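Novice: would you be able to build a 3D model of this:
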Amino acid sequence: MYAVIDLETTGLHTSRHDRVVEIAIVHVGPRGDIESEWCTLVNPERDLGPQHIHGITAAEARVAPRFAQLAGAVAGRLRGRVPVAHNWAFDGQFLAAEFARMGIVAPVRYEAGLCTMRLAGQFFPGSSRGLADCCAAAGIALTRAHSALHDARAAARLLAHFLRVTGQPPPWAHRFAGAPDAWPALADSGVALVGRRAEGQVEEHFLGRLVDRMPRSHRPDADAYLEVLDRALLDRHVSAAEADALVAVAQRLGLGRADVVELHRQYLQALAAFAAADGIVTAEERDDLETVARLLGLGGGQAAQMVRMARHAASLLGAGTSPVPRQRGGGARQRFRLEAGDLVVFTGDMGEPREVWAARAGAAGLRVGAGVTRKTRLLVAADPDTMSGKGKKAAEYGIPVVHPAAFLGMLPSGS
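Specialist: You can find the predicted model right below:
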């Protein structure tokens, strides 16, 4: 009878190229009983907008199917049912826009659907329009707001409440009696659905995706791997995209897990040698080494061991004169810092207006670009796994992508 829909989107305006990033459809019977649930993340092929609201990361969305791959399943679950949403005007507009990108006119006119927000104005005249407030007025628990499945379930229960109050048939039944079902017959691609990660779930370390084998008697040229590793560790965070890049270059070079672990140990050793070159390893440097060891899949004990070895070598040679081995790839010896005149670009919703971040960069003597070019030194992204056009260009040109918090630590000295 009913198909209750909820969408999470990258923003509020289809005219500004905002896209659907999660969709849930709950089937409800004529008396309000929930018959089935269907939900998936959607790859919007752009940045995710206000992630602090919907809570979806680019690492999750980038492996999700695109809407075009889901269109057949969506149309099939809406066909023959009355579409319902809490703010049907909003959800219907985004559904229509997604189908329109495929050249398909979807039957999502306002009068063709039922809006629980509008109905709530009749049943709960003193309540506000929000789903949480309407559910509270009906005595319905809403556990996770701005999760498509939880919101769709709540809207379905709200619809069931209205059906119990009105009795059968409901006063809106005549609107949909004999209405033509104009949903196009699209093939269901059968693509795998992707849900949100469970709370506390941690993605497998990228080393786990490399083949286990005995160490080689000679190591192949690994400059390409170390160059990608340098970029990945600039902000002391290895994003999902960076992990994919590390796995890809290791596989291209024929590096197995044992080879890569040895490269990681040498990388950490070079960092420890740099930290100990002046005879003093500060608490901040120790914390940094432990962070790198964790990111590289090495135990925290490895960092302490490397520090002991580096300090011993420095004491034998004399503090301040210890030769620091130059790590192949060039950037492992010291933390990346921007310099006055460097060109930086920002992308995504970073919590504060873009003008505020641009002002910070300008005060530090940096130039701010509107788009990524080969001259860009750094892309600062609200989510380093960003799928924005700027993020794609940065990946193409090999330009590092870092989180705003890391960017603040890279500003020129004295800024």
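Novice: and stretch 356-374, what's buried?
Specialist: Going by neighbour count (16 or more other C-beta atoms under 10 Å), the buried part of stretch 356-374 is Trp357, Arg360, Ala361, Ala364, Leu366, Arg367, Val368, Gly369, Val372. (C-beta placed from N, C-alpha, C; glycine too.)
Novice: got the end-to-end distance for that stretch?
Specialist: In stretch 356-374, first residue to last residue: 25 Å (C-alpha to C-alpha, to the nearest Å).
Novice: now go through the buried residues of stretch 356-374 and say which are in helices.
Specialist: Applying DSSP state H to the buried residues of stretch 356-374, the entries found in helices are Trp357, Arg360, Ala361.
Novice: what's opposite Pro83 in the beta bridge?
Specialist: Ala3 (DSSP bridges).
Novice: number of nearby residues for it?
Specialist: 23 (other C-beta atoms under 10 Å).
Novice: number the residues from 57 up from this point.
Specialist: From this message on, residue numbering opens at 57, which makes the last subject Pro139.
Novice: burial measure for the spatially closest residue to Ala426 that is not a sequence neighbour, as a count.
Specialist: Spatial nearest neighbour of Ala426, excluding adjacent residues (C-beta to C-beta, 6 or more residues apart in numbering): Val401 at 7.4 Å. Val401 has 23 neighbours, counted by other C-beta under 10 Å.
Novice: where's the closest residue to Ser444 other than its chain neighbours relative to Asp441, distance?
Specialist: Spatially, and ignoring its direct neighbours in sequence, Ser444 is nearest to Asp103 (3.8 Å; C-beta to C-beta, 6+ apart). Distance, Asp103 to Asp441, by C-beta to C-beta, to the nearest Å: 10 Å.
Novice: can you check which residues contact both of those two?
Specialist: Here Asp103 and Asp441 share the contacting residues Ala114, Gly447, scored by C-beta atoms under 8 Å, 6 or more residues apart in numbering.
Novice: neighbour count: the two, which is higher?
Specialist: Between Asp103 and Asp441, Asp103 has the larger neighbour count (other C-beta under 10 Å), namely 24 against 21.
Novice: and the more buried one, what's its pLDDT?
Specialist: Predicted confidence (pLDDT) at Asp103: the value is 92.
Novice: helix or strand: which one has it?
Specialist: Secondary structure assignment for Asp103, by DSSP states H and E: no helix or strand.
Novice: go on, Val77?
Specialist: Per DSSP H and E: strand 76-84 holds Val77.
Novice: counting contacts, what elements does that strand pack onto?
Specialist: Judged by 3 or more C-beta pairs under 8 Å, 6 or more residues apart in numbering; DSSP states H and E, strand 76-84 is in contact with strand 58-65, strand 90-97, helix 123-134, helix 144-156, helix 204-222.
Novice: pLDDT of that strand, averaged?
Specialist: Strand 76-84 comes out at a mean pLDDT of 98.
Novice: adjacent strands (with direction) for it?
Specialist: By DSSP bridges, strand 76-84 pairs with strand 58-65 (antiparallel), strand 90-97 (antiparallel).
Novice: can you tell me what sits against the first one?
Specialist: Counting by C-beta under 8 Å, 6+ apart, strand 58-65 makes contact with 74-86, 105, 110, 112, 133-134, 137-142, 146-147, 150-151, 170, 202-205, 207-208, 211-212, 215, all of which sit outside it.
Novice: taking helix 204-222 as reference, get the angle to that strand.
Specialist: 140 degrees (axes from the mean of the first three to the mean of the last three C-alpha atoms, to 10 degrees).
Novice: repeat for the last one
Specialist: Counting by the same axes, to 10 degrees, strand 90-97 lies at 150 degrees to helix 204-222.
Novice: could you pull out the buried residues of strand 90-97?
Specialist: Ile90, Trp94, Cys95, Thr96, Leu97.
Novice: how about residues contacting it?
Specialist: Residues contacting strand 90-97 (C-beta under 8 Å, 6+ apart): 77-85, 112, 116-117, 120-121, 126, 129, 133, 204-205, 208-209, 212-213, 216, 249-252.
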